[in-house]
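Q: what follows is a predicted structure for the sequence shown.
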Amino acid sequence: MARRPTRSTKSSTRAKSAVTSAPKSSSIQNALDPLAALLKSAGLRRTETSSPKTTTPKRKKSSKTAARKTNTPKRSPLAVIFPAMPAIGGVKLSSVAAGVKYANRRDLMVATFKPGTQVAGIFTQSKTASAPVDWCRKALDHENPEAGVLVVNSGNANAFTGKAGDEAVKEIVSAAAKAAKCRQREVFVASTGVIGEPLPAAKITSRVGSLIKGGSARPWKTSAQAIMTTDTFPKGATRSAVIDGVTVQINGMAKGSGMIAPDMATMLSFIFTDAPIPSSVLQSLLMLGARDSFNAITVDSDTSTSDTVMAFATGAANIEKPITRIGDRRLADFRLKLQDLMRELALSVVRDGEGATKLIKVRVKGAASTSAARTIALAIANSPLVKTAVAGEDPNWGRIVMAVGKSGEAANRDKLQIAINGLPVALKGQRDPTYSEAKAAASMKASEIVLEVDVGVGQGVSTIWTCDLTHGYISINADYRS
């Protein structure tokens, strides 16, 4: 395949932003060589040098120093500030460092709910789903499911752990139900972290009781921190909506950084509202909202075993006439605000993509159908060549053409149009006569990039969000279990 010459200029700030710890074995390095070559071709310099700067041997870092480095990843340059979030009637939160994987790091969060809280959930499409996902699906498979407790741990996914994983869930559920005085089917659990490692359930069950008793209405940020893994910042969002003249609140938190791809994007997300919405309606609202949010993002095309999005409606807001169907006009504002909140949470996950330095919006139109447009957009968003070109600030639109062609969906080559950050680069199947390499390259220095493609065969439209691919992604994932 013909390639463009690599760009030789690169700011020192960008070079320093990549995590540069080397893989720890030659086998890992050999496995990563092909991707490393792509990164090099995009003009990304590795900050390591080919020879040491000094002949003096470096002091070996202590295990405590190494643990500290693993616990505190460098904050993403695309990070957003955690918002001030109001209390939600009927919800109490608490969190603690339970030592599930790391010492002195919050890794266990518990939420408790007023009796009668309605619940809904959507989960990973992975065929190797985790034990917590299996439990939640069964708990929701009841008429009018209700929630009493939510228990979430980070550091261990409790996935691919066999019967021991199921037993760990049962132990946690039993302890939480006893402490909260609710039915076991009203306890929901989620785990995120390393796959294949047995979950130390005792570290969770020994803390659940005190967390349930000590919950309060305001610790949203610390609760969001407790569910993080390779995330570099806590993710939260809040909205208010009006139902039948009454103002209701919606708060949400999410975690996610790598292993991000529909359906759903790899993450955990929990949404809380005081609106009186029955579980059946809440389930429909959640599924509709996920379509253009959590199911429209990708970092690396990998789908997690633990993906979970759940919504809890306490009904604490005083709305006299009950809501019984999703078509109720009084839900119009709530639905819009919920979708907006879910989109914000989804984009915060992409902003925290492992090693990411740029947020990328891929907008495809003119496709044969919405489904076809989505497939094309994902082909572009998941292309390592496109993502590394963006990381290298190279407007190599030929790679977008390649991705459109490989998608397998209909596209009219002679009508194909492409724009980068609003600048036309391709028109009617060839380079746009007004195209300016200098202007396009300058626009690529922005932290947010918009790629627009019209494939010229129909009316289908779709938008997918992703991020660039840097050597930081390799470094984070090569060292993930160390």
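A: That came through, no problem. Computed from a predicted model, the values in this text were never measured in an experiment.
Q: pLDDT below threshold where in the stretch 301-450 of the chain?
A: 301-306 (pLDDT under 70).
Q: go again using 50 as the cut-off
A: Across the stretch 301-450 of the chain, nothing is flagged by pLDDT under 50.
Q: strands of that one, residue ranges please.
A: Secondary structure of the stretch 301-450 of the chain (DSSP state E, counting those that start in this stretch): strands located at 308-313, 359-367, 417-420, 423-427, 430-431, 448-454.
Q: cool, the stretch 1-150 of the chain as well?
A: So, for the stretch 1-150 of the chain - with DSSP E, counting those that start in this stretch - the strands run 91-96, 108-123, 146-156.
Q: thinking again about what came up before, now, of the strands of the stretch 301-450 of the chain, which is deepest in the fold?
A: Comparing the strands of the stretch 301-450 of the chain by mean neighbour count (mean count of other Cβ atoms under 10 Å), strand 308-313 ranks first with a mean of 27. (C-beta placed from N, C-alpha, C; glycine too.)
Q: quick check: angle from that strand to strand 146-156?
A: Strand 308-313 runs at 150 degrees relative to strand 146-156, counting by axes from the mean of the first three to the mean of the last three Cα atoms, to 10 degrees.
Q: elements contacting strand 308-313?
A: If you count contacts as 3 or more Cβ pairs under 8 Å, 6 or more residues apart in numbering; DSSP states H and E, strand 308-313 packs onto strand 108-123, helix 131-140, strand 146-156, strand 187-194, strand 268-273, helix 279-291.
Q: how about stretch 239-253, which residues are buried there?
A: For stretch 239-253, the neighbour count (16 or more other Cβ atoms under 10 Å) marks 239, 241, 243, 248, 249, 250, 251, 252, 253 as buried.
Q: would you mind writing the CA trace of it as PDB?
A: The C-alpha coordinates for stretch 239-253 follow below in PDB (Å, rounded to 0.1, in the frame of the first residue of the first chain):
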ATOM      1  CA  ARG A 239     -29.500  17.300  34.300                       C
ATOM      2  CA  SER A 240     -32.800  18.500  35.600                       C
ATOM      3  CA  ALA A 241     -36.100  17.900  33.700                       C
ATOM      4  CA  VAL A 242     -39.700  18.800  34.100                       C
ATOM      5  CA  ILE A 243     -42.500  16.200  34.300                       C
ATOM      6  CA  ASP A 244     -46.100  17.400  34.700                       C
ATOM      7  CA  GLY A 245     -44.800  20.700  36.100                       C
ATOM      8  CA  VAL A 246     -42.500  19.100  38.600                       C
ATOM      9  CA  THR A 247     -38.700  19.400  38.400                       C
ATOM     10  CA  VAL A 248     -36.900  16.100  38.700                       C
ATOM     11  CA  GLN A 249     -33.200  15.400  38.800                       C
ATOM     12  CA  ILE A 250     -31.000  13.000  36.800                       C
ATOM     13  CA  ASN A 251     -27.400  12.100  37.900                       C
ATOM     14  CA  GLY A 252     -25.100   9.700  36.200                       C
ATOM     15  CA  MET A 253     -21.500   8.400  36.500                       C
END
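Q: run through who's touching that stretch.
A: Contact with stretch 239-253 is made by 85-89, 220, 223-224, 227, 234-238, 269-275, 317-321, 323, 330-331, 333-334, 336-338, 340-342, 345, as judged by Cβ atoms under 8 Å, 6 or more residues apart in numbering.
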